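Peer 1: Quick one, fold the following:
(chains A and B)
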Number of protein chains: 2
Amino acid sequence: MPYAAISLSEKFAKFSEHWSPKNIAQMNDYHFKLVKIQGDFVWHSHAETDEVFIVVEGEMTIQLRDGEVVLRSGEMFVVPKGVEHRPSARRECKIMLVELAGTINTGQVQSELTAKDGVWV
Amino acid sequence: MPYAAISLSEKFAKFSEHWSPKNIAQMNDYHFKLVKIQGDFVWHSHAETDEVFIVVEGEMTIQLRDGEVVLRSGEMFVVPKGVEHRPSARRECKIMLVELAGTINTGQVQSELTAKDGVWV
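Peer 2: Next comes the predicted model:
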């Protein structure tokens, strides 16, 4: 039976829009998602899950209400559940997210940046 | 409040032994672990969780009873819960695992390669 590796670069090559997470893998009831980001996102939080950010290429900032963290390629950060945060990137940045399946990108906030959940690439 | 990125390369620099996973982050009840591997591991499975392999540097093979998958830097694979597998690498390979906290590296098998769980780096 043939098994296939999931290549992050091949998956990133399949879409170009920003702030629109695409599922690439499932582990139990969690999804691994790729996202390209640029500019400022909206302040939001996720009541039901911690959220992992892993930078694959580029640089991003995660603002928190009492500080911020800068992430570069090969660096990661866990935003605890319920904690307000605001991702941003000056130039396009490619990231992987890990979070509970069904998590909406803008959390409790309805925004023009709210993306459809459950899209695979 | 200062927040710190978790750097995979800085964490990898802190240990050298093979087949001994080190926790670097927690997301809900899941752990992100770094491991350096070389040679052949033991056949085993994890009854309670899927297991995610992400290759950070190098190349590895995951044998399954009915096939195998080769993973290179920037590639990942999900071993479903209960599925027997055997990781191996000819040369040292650096990988990140994601799995339920408390998962033992050799699963249901007791081996000289069984590592202590819950070690952070």
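Peer 1: and the longest strand for chain A?
Peer 2: For chain A, the strand with the greatest residue count under DSSP state E is strand A:85-100.
Peer 1: I'd say residue A:106 and residue A:42 touch.
Peer 2: Yes. Assessed by CB atoms under 8 Å, residue A:106 is found in contact with residue A:42 at 5.7 Å. The C-beta positions use only the backbone N, C-alpha and C, and glycine is treated the same way.
Peer 1: hey, what's in contact with both of these two?
Peer 2: With contacts taken as CB atoms under 8 Å, 6 or more residues apart in numbering or on different chains, the residues that reach both residue A:106 and residue A:42 are residue A:113.
Peer 1: Near chain B, which residues of chain A are found?
Peer 2: Residues of chain A lying close to chain B (CB under 8 Å from any CB of the partner chain) are A:1-9, A:24-28, A:30, A:32, A:49-52, A:56, A:62, A:64, A:66-72, A:74-78, A:81, A:98-100.
Peer 1: From those, keep the buried residues only.
Peer 2: A:5-6, A:8, A:24-25, A:27-28, A:30, A:32, A:49-52, A:56, A:62, A:64, A:69, A:71, A:74-78, A:81, A:98-100 (16 or more other CB atoms under 10 Å in any protein chain shown).
Peer 1: can you tell me which of these are in helices?
Peer 2: Members of these lying in helices (criterion: DSSP state H): residue A:8.
Peer 1: Tell me which stretches of chain A form strands.
Peer 2: Counting by DSSP E, the strands of chain A are A:6-7, A:22-27, A:30-40, A:51-57, A:59-64, A:67-72, A:75-79, A:85-100.
Peer 1: What angle do strand A:67-72 and the fifth one make with each other?
Peer 2: Here strand A:59-64 runs at 160 degrees with respect to strand A:67-72, directions being taken by axes from the mean of the first three to the mean of the last three CA atoms, to 10 degrees.
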